[in-house]
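> Compute the structure for the input listed below.
(2 chains)
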Amino acid sequence: MTTNVLERPEQAPATEENQVLVTLTVGDQLCGVPVLSVRDVLGEQTITRIPLAPPEIAGSLNLRGRIVTAIDLRQRLRLPPAPPGQPRMSVVADQGGELYALLVDQVSEVLSLDASAFERNPPTLEKTWAAFSTGIFRLDGRLLVVLDVAKLLALSVEE
Amino acid sequence: MDDLLSDFLTETNESLAELDVALVTLERTPDDAETLSFIFRLVHTIKGTCGFLGLPRLERVAHAGENVLGKLRDRSLTVTPDIVSDVLAAIDRIKAIVAGLSTTGAEPAGDDTALIAALNATASGEQPAAIDFDDTVAATPPPVPAPSPAPTVEAKAPESPAPAIAAAPAAQTSPPAAAAQTIRVTVDVLEDLMTLVSELVLTRNQLLQLARTQENGAFTVPLQRLSHITSDLQEGVMKTRMQPIGNAWNKLPRLVRDLSHDMGKKIELTMIGADTELDRQVLELIKDPLTHMIRNSGDHGLETPAERRAAGKPETGTIMLNAYHEGGYIILEISDDGRGLAVDRIRAKVLSNGLASETELAGMTDGQIQRFIFRAGFSTAATISAVSGRGVGMDVVKTNIEKIGGTIDLKSTVGQGTTFTVKIPLTLAIVSALIVEAGKERFAIPQLSVVELVRASRGSALSSGNSVIERINDTPVLRLRSRLLPLVSLTELLALGADDRAEDSAHVVVAQVGQHMMGIIVDRVFDTEEIVVKPVAPILRHVTMFSGNTILGDGSVIMILDPNGIARASGVGAGSESKLLRGAPIEAQSSADKTAMLLFRAGENQRMAVPLGLVARLEDIPREKIEMSCGAPVTQYRGKLMPLIAIEGGIDQQKPTQPLLVFADGDRTMGLMVDEIVDVVEDNLDIELAAGRPGLLGTAVIGGQATDVLDTGYWLTQAWQDWFRSVPRQGATPGQPHVLLVDDSEFFRQLTVPMLGAAGFRVTAVASAAEALALRDGGGMFDAIVSDIEMPGMDGIQFARTVRTDGAWARLPVIAMTAHSDTDTARLGREAGFTDYVGKFEREALVASLHASLAEPAHI
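The predicted structure follows:
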């Protein structure tokens, strides 16, 4: 039987000393997801459209023989769709044994960030964003929104 | 030994081995509540199963042991070595009995009272009287004459009867291996294996796809080997999951016995094909529906012995289960020879439950009405019995079967019984699917539901040859072999965006969903592939159009369409019967008067027609096969000489072959030489101009052109002068059934009289109902009446009513012959008193029907 070796928290608590995040861009916004929730980072993939699926679902793709449901993060965050032809990358996460790929514009690097640079969501943050974000990191010259993968994938609940 | 018992023995032996170990552990750690409850559970299970299997001795011992353990568990007793010894003694006794069971198949006789008393004493808190269990056990060795019931391991193997004395030191005996040839593997391991193999199959497919692009690559040969091995492995792993369907049946004989007891019916259960194997997952899933259907058959289907006697059937009703493989599927038939489904009662029920309106019902065939029992909220039993009718109806059965990708259908004849046919895939993991494309996307359709593929054009103009997708107020339909097939455009249904009508050519995948046929319009059809069904992500579960998804050989992900879901979404079938039927009456009416006509050219290149039903065969014989006999052409046909008749105007001698219309009657045949066989069309046969010359009935407009209708009777007499005059060859015998034929059409009378004559009936033909009734009033008597429905003056319905009302003919079988096959007429006809319905031109059906109605006493 498979034992889950990686006993990881659903999301790294935001108040720990350090947070290790995979940074990515959606639209023009720099975002990050906890590195432990990421299983794979994929380049451009062939994605099969799923008819009648909610608009956030871009389709499904084949990851080494497993079928992964791709979620368009731009749609999820109510951003305008990506310009046609723009290559997109995806971050694969596991949710309840199912794999999901978050389609983003760019996956950049893995950053270890000091908790002192972390802040709660500003209360004025737009609702959609506030719902999916656990907080903000102040970086040099940029702000990084920490995304809550579990909430991003909680599509079925909303249906 | 029966399967249940051997399963029980295997299981119990395992439990006993664990018990020994656990008890010893308990003795060392008396406070170990977990071990204690584990022991309790095991003993409890043994006891429970014994009760179920009817093993009273074993049950009593286990029960006594359980009592003690129960006390220990609720801490009213504390664990002491003495108590453990007592329990061990009980377990040894259980072992001894089990050993006896496994050698003889029956419980060995023996006296356990001392042991049970001791255990009870212990349980009630008395100082355990240190049972001398050596003694007890020694006393036990039951006086069984059969092979030794030795309580030790060896006893398992019948060939080594162990000495019965062995004082059963028990604790360290290893469990007797039920059979060294089998090992028990958890289902999880098998499931994992199956998943891995599925992945392997996919990878193999992918590799093969890659290899296809390179010829003679270095990989070709090893890849082929890999492919074979993978296939073998897949088969092997599938086999590990295969179980005979008999496993799902083994509770049924008991169920049927109880049923027959409770209902006061005599029921015999026949099971055929119990060794047909199928995937254990599927097996598990069909157990309940199967049980339910058997209950239904016994409860609703079969009549009481008295009713059966009255109906002239044997008192004992039969329920038959038949399983067999067909393609990648298992066909399971559950049939009974009971009363059949009463269409009237179902109709009434449908109306009262508001499942359909009167008008909708009027347009339905009996079969369609009977299939209402699969609809939710339907239960025919007038009174709810304890056996079935617990609010779980056939709709649940249907849903469950559809869940595993199966289909269910029924056929029922009133008075003769009902047959349910269930078609289920052998396995759920790997299915064969048809890959299609619509709106630039590819989809898989499970092969199970695909009936055929039709190429059609979307063009509006009726072009000959190709089928055309026509639209009724934007609803696409297709004419398929003289029926209207409702179509569903995949592009529209799945909102794929692309304009469905952009391309002219399309394919229609004709799919069967339960009883309904439906066509799915797709743009392209690729080949079939073995696909591994993977469930869709939970996020997508609400999209009912898909039953899963899969990865194709080229690595792309595609969705698997669920024809049931499509049917529901588009209103075909169960969900809203009406949509389908609203289209149907149009078709029913237009086809009602139609007759299939064979068009041909003969004589001076004239267009001629003959009802297709009259033609036995079409042949094309080489000209040199035509010989002359007594100045007339003949040919050797199927070992006999067949006279050939030419329609005046001569025969084109130049052609190398000669097309023939072969008419047959009994063992006589005749070939009509024609120039060319043109087509088969369905059209009204309304003869508008009477024929001016022999051999022709007249002229009718068929297929938009004036066409001469052949008078078959004339040509038959040309070949065999006595064809028509010959009432039976053997001459009229007194015992011969005498049939009255009522038909206004000379043509049909001419055809039917000799035909019935040849079949052994004496026939009197009259041209109207009035003539027939005159015969009755004049004292004429017949064995059966065959009547047309459409007649000038008194029509068939009225005639039947009149006959039934009173007079000497009131109880005669009356068979209707009609071109109208719609159910409305049929229902009217039945109400009027017709015994049976036969289509015109269906000579065999008429003869069969006559035989059937003459065989049994007429019933109204």
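> May I have the secondary structure class of B:Ile677?
strand (DSSP: H, G, I helix; E, B strand; the rest coil).
> Tell me the spatial nearest neighbour of it, not counting adjacent residues.
Nearest non-adjacent residue to B:Ile677, counting by C-beta to C-beta, 6 or more residues apart in numbering or on different chains: B:Phe600, 4.8 Å away. Any C-beta I mention is one placed from the backbone N, CA and C, and that applies to glycine too.
> quick one, phi/psi of the residue of the stretch 51-200 of chain B found nearest chain A?
Nearest residue of the stretch 51-200 of chain B to chain A, counting by C-beta to the nearest C-beta: B:Glu199, 5.0 Å away. Backbone torsions for B:Glu199, taken as degrees, to the nearest 10, come to phi -60, psi -40.
> and the closest residue to B:Leu341 other than its chain neighbours, helix, strand or coil?
Nearest non-adjacent residue to B:Leu341, counting by C-beta to C-beta, 6+ apart: B:Ser412, 4.1 Å away. Three-state call for B:Ser412 (three-state DSSP): strand.
> picking that back up, okay, now the residue nearest to the residue of the stretch 51-200 of chain B closest to chain A when sequence neighbours are not counted: neighbour count?
Nearest non-adjacent residue to B:Glu199, counting by C-beta to C-beta, 6+ apart: A:Gly65, 5.0 Å away. A total of 15 residues lie near A:Gly65 under the criterion other C-beta atoms under 10 Å in any protein chain shown.
> so who does the residue nearest to the spatial centre of chain B touch?
Centroid check for chain B by C-alpha atoms, centre = their mean gives B:Thr421 as the closest residue, at 1.5 Å. Taking C-beta atoms under 8 Å, 6 or more residues apart in numbering or on different chains, we find B:Thr421 in contact with B:Ile331, B:Leu332, B:Glu333, B:Ile408, B:Asp409, B:Leu410, B:Lys411.
> To which secondary structure element is it assigned?
Under the criterion of DSSP states H and E, B:Thr421 resides in strand B:417-425.
> Which parts of stretch B:549-556 count as buried, going by neighbours?
B:Asn549, B:Thr550, B:Ile551, B:Leu552, B:Gly553, B:Gly555 (16 or more other C-beta atoms under 10 Å in any protein chain shown).
> Show the end-to-end separation of it, please.
11 Å (C-alpha to C-alpha, to the nearest Å).
> does B:Val525 really touch B:Arg442, like I thought?
No. B:Val525 lies out of contact with B:Arg442 (C-beta atoms under 8 Å); the separation is 10.5 Å.
> Give me the neighbour count for B:Val68.
Count around B:Val68 with other C-beta under 10 Å applied: 25.
> Surely it is within a helix?
Yes. Counting by three-state DSSP, one finds B:Val68 located in a helix.
> Now the closest residue in space to it that isn't next to it in sequence: phi and psi?
Residue nearest to B:Val68 in three dimensions, not counting chain neighbours: B:Ala123, with 4.7 Å by C-beta to C-beta, 6+ apart. Recorded main-chain torsions at B:Ala123 are phi -60, psi -40, according to degrees, to the nearest 10.
> number of nearby residues for B:Ala123?
With other C-beta under 10 Å as criterion, B:Ala123 counts 22.
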